[in-house]
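Enquirer: mind looking at a prediction? Sequence and model below.
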Amino acid sequence: MATSPQSPASPIGRDTVRIDGPHKVTGLAKYASDFHFPGMLYAVPVEATIANGKVITLDTAAAEKMPGVRAVLHHGNIGKIFRSTPAPGFDRVCLERRPPFEDDAIRYWGQYIALAVADTFEVAKAAADAVRATYSKETPNVEARLEAGNDPDVVFTAYGPMERLQSHRGDAAAALESAAVKLDETYITPAETHNPLELHSTLAVWDGPMLTLYDSTQGVINLRSVLSQMFGLPKENVRVISKFLGSGFGGKLYPWTHVPLAAAAARQLGKPVKLVVSRKMMFQSVGHRARTQQRVRLGASRDGKLASLQHDYLYHMSMADVYHEDCGEATAYHYSVPNLRVSFGRARRNIGATADMRGPGAVPGLYATESAMNEMAERLQMDPVQFRILNEPKLDESLNLPFSSRHYVECLNLGAEKFGWSKRNPAVGSMKRDGLTLGWGISGAAWIAGTFAAEANLELRDDGTVRVSCATQDIGTGTYTIMAQLASQKTGVPVDRIDVELGDSALPDGPISGGSLATSSVIPAVFKAADQAITSLLIIAVTTPGSPFLGRKLNDLALEGGRVFVKAEGSDRGMAFGDVLRNANARLIAGNGKAEATAFAPNPKFSKHSFGCHFVEVTWQPETARLRVSRVVTVMDAGRILNPLAGRNQIQGGVVMGIGMALFEETTYDPQNGAPINSNLADYIMTVNADAPPIEVHFLDYPDKEINELGARGIGEIGLAGVAAAVTSAVHHATGVHVRELPVKIENLIE
């Protein structure tokens, strides 16, 4: 008998501080690179200094003679590393399929061509620097302007086959031609690079045929699957541990080539090997958000009803890999339009593999479509909030399915109220404050919802504590705390008396921390595990000699507030569950729970998404060409919010990242050699404290019971979706300039 989520005693819906916080602020939290073992060696990769060509010679002699160097591994001596193959259900996903050193072809700058292993990091770095390579070199293609390659109508992607005509209904071209008001614009987002605080790192340890990896990963189970294939091992012979992450933003979802390199070096040398990717390498070999070029065409009647929407997008990708940047993910369902066409093309470049980056696909996609909606509202001389409300769909028109829960219009209305949108003068440059020109902008947001497959274990222990475990991981988003809240909800045991075990593939299989789906996925698994453990506890209570409940029917009893009691008598006359266990001479009882995946499942009954909106104010000082985001109001319809404190933090972080997307972030490549030019945190500009304005976050908190029992959906990524479009909308309101290529540059505004 769990506490009702609406009960004042329930931990669900309460601001709850992170249970792992003390470990982090005191230094007790151990990240992958913090682990150390006797005899451990250090590995540093050698990087290619061309982006297109072949390795002709590799001179390792000087490096191998250095004192303390144990080996320099390369194509000729690395030993066998197999290719992994993908499997359904987000298993065995690996975005750079080519094993390291498999051939002598160089496809991007910084590709690993050798690995120096030594007694210390300093010696390993010196040895890596001493390796000399000669190449046959060709001009790299890192052209910024994108043109679609000659792809077939159906292409293979990292997540399976995909039709390039992604969605269509009606006749979008004919409807556009006859529309009273038209828009045809192209929007560009640059390559962006993940820059989490924690560098990618791996420590590989072999014990006979058993491989243990301490890794900075967002998916311990997936990494286990990939590495077991790469080394020809049964899955039970591979263990992956990732107790704490210094964030990942999608770049750590799947293993990169440094992981098998560390494992291969440890296998060959018979000692633990640690490999930490440098900050500069992070710009080359562990993924990035693809550059996109998106043409959006809208047609509408003079009263503002959309008649046609065409969204044709291109993205760049590496020469050998197949990641898909799904910019059309939200286009087909976000607004009501009878005629629609969404298609994509791909442009191969001499770059490292592209990858998921917070809000993959939908974030750059919504920048384009929401920007187009704002520009169309301007052409119609309509308020952009009212234009969106006018085109609110009654159902998902792409699937002809009802939404499981959709309160987008309420988001818009509440956001407008909290922001003070009614005071907006739509004339460009008309609003002033303290000598500055104000700009106000708006954007909608959307993100997928559902669950991955998950398993969990829950133990009730005789000291009155609870242990809950799952092989998912906490990437800094608060999963430890959510798991404790869930266990507390079912057992009534306070959060501070619940032990949470995560980040170890030896635990029951858990989901990747991606797609904002981890929290929604673990809820049913934890609840089923708790129900099973509670049932076992009550069986003990009614069958143990000397128990005050001996002979009672199982249905007569309940567990609430950590106490077993007769329902008719109330919990005050009950018995602490720890006493029940001790009375039965039982140290603990356990329950296991398993939940199937619902995300991306065939034949859905509902369209499941979260929705939201952002209202943004910028200040513009033309005399000094100074542009700043001065305040943001965000409203989210993301189901039941389990921990509003962590939830607000997630949305605020997404908004800050969105400001960076709009104004700062851009990875640029040297056309002569293909190298990322700004591959450091001095030249790759991100939003910092001084750039982060007051951010007001509101949740509607409508439970979506089609997702799980609590009605919770994920909120990690939707906070970023749409922010850039709201910023550029505000920039236009202040300056009169439509910026359609991110990031906004001052030279765009002063021409």
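Expert: Okay, I see it.
Enquirer: which strand residues bridge residue 306?
Expert: residue 300 (DSSP bridges).
Enquirer: could you look up the SS state of residue 97?
Expert: Assigned by DSSP: H, G, I helix; E, B strand; the rest coil, the conformation of residue 97 is coil.
Enquirer: quick check: closest non-adjacent residue to it.
Expert: residue 83 (5.9 Å; Cβ to Cβ, 6 or more residues apart in numbering). (Each C-beta comes from the backbone N, C-alpha and C, glycine too.)
Enquirer: pull the contacting residues for that neighbour.
Expert: 97-99, 102, 229-230 (Cβ atoms under 8 Å, 6 or more residues apart in numbering).
Enquirer: what separates residue 48 from residue 276, distance-wise?
Expert: 19 Å (Cβ to Cβ, to the nearest Å).
Enquirer: pLDDT wise, what is residue 319 at?
Expert: For residue 319, the pLDDT comes out at 98.
Enquirer: counting neighbours, which of the contacts of residue 83 end up buried?
Expert: Buried subset of the contacts of residue 83 (neighbour count, 16 or more other Cβ atoms under 10 Å): 97-99, 229-230.
Enquirer: so the nearest residue to residue 573 once chain neighbours are set aside is in which element?
Expert: Nearest residue to residue 573, sequence neighbours excluded (Cβ to Cβ, 6+ apart): residue 565, at 6.1 Å. Using DSSP states H and E, residue 565 sits in strand 563-566.
Enquirer: helices and strands around that strand, which ones?
Expert: helix 518-543, strand 557-560, strand 575-576, helix 577-583 (3 or more Cβ pairs under 8 Å, 6 or more residues apart in numbering; DSSP states H and E).
Enquirer: so which of those is the most packed in?
Expert: helix 518-543 (a mean of 23; mean count of other Cβ atoms under 10 Å).
Enquirer: give me the buried positions along the helix or strand encompassing residue 747.
Expert: Per DSSP H and E: residue 747 is located in helix 746-749. Buried residues in helix 746-749, counted by 16+ other Cβ under 10 Å: 748-749.
Enquirer: what is the mean pLDDT for it?
Expert: 93.
Enquirer: tell me which residues are up against that helix.
Expert: Against helix 746-749 from outside (Cβ under 8 Å, 6+ apart): 620, 625, 627, 731, 735, 737, 739.
Enquirer: residues near the third one, how many?
Expert: Spelled out, it's residue 627. 23 (other Cβ atoms under 10 Å).
Enquirer: quick check: it touching residue 617?
Expert: No. Look at residue 627 against residue 617 with Cβ atoms under 8 Å: they stay out of range, at 11.7 Å.
Enquirer: how about low-confidence regions in the stretch 601-750 of the chain?
Expert: By pLDDT under 70, the stretch 601-750 of the chain contains no weakly predicted segment.
Enquirer: follow-up on the earlier one: farthest-apart pair in the buried ones among the contacts of residue 83, please.
Expert: Farthest apart among the buried ones among the contacts of residue 83 by Cβ to Cβ are 98 and 229. That separation is 13.8 Å.
Enquirer: distance check, residue 401 against residue 211.
Expert: Residue 401 is 44 Å from residue 211, where distance means Cβ to Cβ.
Enquirer: done for today, thanks.
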